[in-house]
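1. only the shape, not the letters, is given here:
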Ligand code: CA
């Protein structure tokens, strides 16, 4: 356990598989987390209101109310970090595509170490966001300049979280926005998979890179004229991705 006076991080584990949940709780407690368990979607929302956890680990397939609906409901009133757990890797694509506002995704079976790394990564990102410089309230104008990235027909206003492609506004979920931001800031250069994962998911992301592929695919489906033949974000096989700079 922690030797500091800091309160342990409280995690709401929403999971209905009895065989799975006990071992998970014991392992997470050993890592120093304080765990509350909910075994269906309705109980998850009740526990969330009562306990105000620091992080939610949310299974997708749940009795009474799906993890998808639970995630949407929590997100409508809280920015708490949420990691969604899908039953199979094939389900991951679908769940990511629904854009329910989760911070990260893992699919069963996962390695416990990988789960803990992702939990720590989302917690750290959230705490740096909250402790951001100034964090002014209200609709103060962004300082401008550097916050707008334009390459060819793609423009990203980072402060306003707005993306415009060929004159049309495109809604991007946070992770896809961050990936695009990293690629645009390095337009014309290859950004390695590791760099993208570090920038977008945190330095200690140790899982497989399937999640990156899923997000790139989603991003292409939104900004490419022909997503099956991408011309903006090209794959550099075995290395990473490049946002193509138009020739002047
Ligand atoms: Ca389940």
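-> Nice, I can see it. The shown structure was predicted, so the numbers you read here are calculated from the model rather than taken from an experiment. Residues are numbered from 1 along each chain as shown.

2. who's the nearest residue to residue 17 once chain neighbours are set aside bridged to?
-> In this structure, residue 17 finds its nearest non-sequential neighbour in residue 59, 7.7 Å apart by Cβ to Cβ, 6 or more residues apart in numbering. For glycine as for every other residue, the C-beta is placed from the backbone atoms N, C-alpha and C. For residue 59, the beta-bridge partners are residue 85 (DSSP bridges).

3. verify the contact between residue 59 and residue 15 for me.
-> Yes: with contact defined as Cβ atoms under 8 Å, residue 59 counts as touching residue 15 (4.7 Å).

4. please say which of these two ends up with more neighbours.
-> residue 59 (25 against 22; other Cβ atoms under 10 Å).

5. what does this structure put close to the ion?
-> Applying Cβ under 5 Å from the ion, one finds that the chain approaches the ion through 16, 59, 61.

6. name the residues of the lengthiest helix in the chain that are buried.
-> Longest helix in the chain, counting residues (DSSP state H): helix 112-130. The neighbour-count check on helix 112-130 (16 or more other Cβ atoms under 10 Å) flags 115-119, 121-123, 125-126 as buried.

7. same check on stretch 51-66?
-> So stretch 51-66, judged by 16+ other Cβ under 10 Å, has buried residues 53-62, 66.

8. chain center to it: distance?
-> 16 Å (Cα atoms, centre = their mean, to the nearest Å).

9. do the same with stretch 22-39
-> With Cα atoms, centre = their mean, you get 22 Å for stretch 22-39.

10. end to end on it, go ahead and measure it.
-> 12 Å (Cα to Cα, to the nearest Å).
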